[in-house]
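S.K.: model this:
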Amino acid sequence: MASRAAGTYPPVPEPLTHPIVDTHTHLDICTGVRLPLGAGEPEPEVSPDAEEEFPSLDFFHDTAAEAGVRRIVQIGCDLPAARWTTELVASQYAGTISGTALGSTVPTPPANGRTWMLGGAALHPNEAPRLAERGLLDDALTEIETLVTSHDRMRVVGETGLDYFRTGEEGIAEQQRSFRAHIEIAKRTGRALQIHDREAHADVLRILREEGAPEVTIFHCFSGDEAMARECAAAGYFMSFAGNLTFKNAEELRRAAAAAPLDLLLTETDAPFLTPHPHRGKPGGPYLTAITARKLAEVRGMSEEDLCSAVLANAERALGSWD
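M.R.: Here you go, the predicted structure:
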């Protein structure tokens, strides 16, 4: 599958009146980085075409800062991206790149570093059956735990969960096994758990009950209805809303966003995917969190400043400080 990150990017929206955070973005895909595979590992489901051109990491940093999106969480959700994320997060903070084989793929940071980025790593649910059929799933899970504990700024085990839209019935058992393993990794390591839940609401909630959810559990790109939002709220799960909140056919999702407690709200892009209206279909970046934040404030009948202030505080309570 081509990356969908190449092409013309939307203009930077008007700056927010208060800073906010993008709690889930994929800068490996946004920047079109081509990553080495380990022995026997499957090709990524999303990969850049040879002729595609992509913006630089500096483009995404600068446009995010211009829009008022001062904090991001970079997510690597297959093994190559998880390795790259770990090195990128460390290098952005320290201002130096390590001498690993990935060094040539990691953008050179400013010498004094940047504090804009935290990281997360996991196996996307669609990766689990692909790795299992090659006999690599258990080793991959072990590596994920190593990666998320390799640096203090790796704060998230995610995205993990269940995806019944893109994986057939034959892959469900391995998805569920992988999800349970990630839950345990998050609890063992004290990291937040970030969940991908696509057409699998009941099973995701059931497995969280059975395994016991980590102290910080986040539904990335929340896609449930108002009843599910209330169930998540009762359990203390954070709900993160992405650009699909702005889509014309998302009334049910907007009702869920209105019902979610303010202290459990987060924002994200899932960039380069789910670019908000009126730019749907174009590639996106963290800077477009500003559009989603304004829509979320509108849905909840709040001022932009109050919404952004609450979301930023929630993110720091869930993930710790970026400074």
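S.K.: The stretch 101-250 of the chain: strands as residue ranges?
M.R.: When assigned using DSSP state E, counting those that start in this stretch, the strands of the stretch 101-250 of the chain occupy the ranges 117-121, 154-163, 192-198, 217-219, 238-241.
S.K.: tell me the most buried of those?
M.R.: Burial among those, expressed as mean neighbours by mean count of other Cβ atoms under 10 Å, is greatest for strand 117-121, which shows a mean of 29. C-betas here are computed from N, CA, C, even on glycine.
S.K.: which strands and helices sit next to it?
M.R.: strand 69-76, helix 79-94, helix 137-148, strand 154-163 (3 or more Cβ pairs under 8 Å, 6 or more residues apart in numbering; DSSP states H and E).
S.K.: Name the residues that touch the first one?
M.R.: With contact meaning Cβ atoms under 8 Å, 6 or more residues apart in numbering, strand 69-76 is reached by 16, 19-28, 64, 82-86, 88-89, 116-122, 155-156, 158-159, 194, 268, 286-287, 289-290, 312, 315, 319, 322.
S.K.: Give me the buried subset of the residues you listed.
M.R.: Judged by neighbour count, with 16 or more other Cβ atoms under 10 Å as the criterion, the buried members of the contacts of strand 69-76 are 16, 19-28, 64, 82-86, 88-89, 116-122, 155-156, 158-159, 194, 268, 286-287, 289-290, 312, 315, 319, 322.
S.K.: Over to residue 278. Which of the three states is it?
M.R.: Assigned state for residue 278: coil (three-state reduction, DSSP: H, G, I helix; E, B strand; the rest coil).
S.K.: That one - how many residues pack around it?
M.R.: A count of nearby residues for residue 278, using other Cβ atoms under 10 Å, gives 10.
S.K.: confidence score at it?
M.R.: In this model, residue 278 is scored at 97, pLDDT.
S.K.: now residue 95
M.R.: Residue 95 is assigned a pLDDT of 86 by the prediction.
S.K.: ditto for residue 299
M.R.: For residue 299, the model assigns a pLDDT of 98.
S.K.: Then residue 284?
M.R.: Model confidence at residue 284, expressed as pLDDT, equals 97.
S.K.: just residue 103 next, same as before
M.R.: The predicted local distance difference test score for residue 103 is 74.
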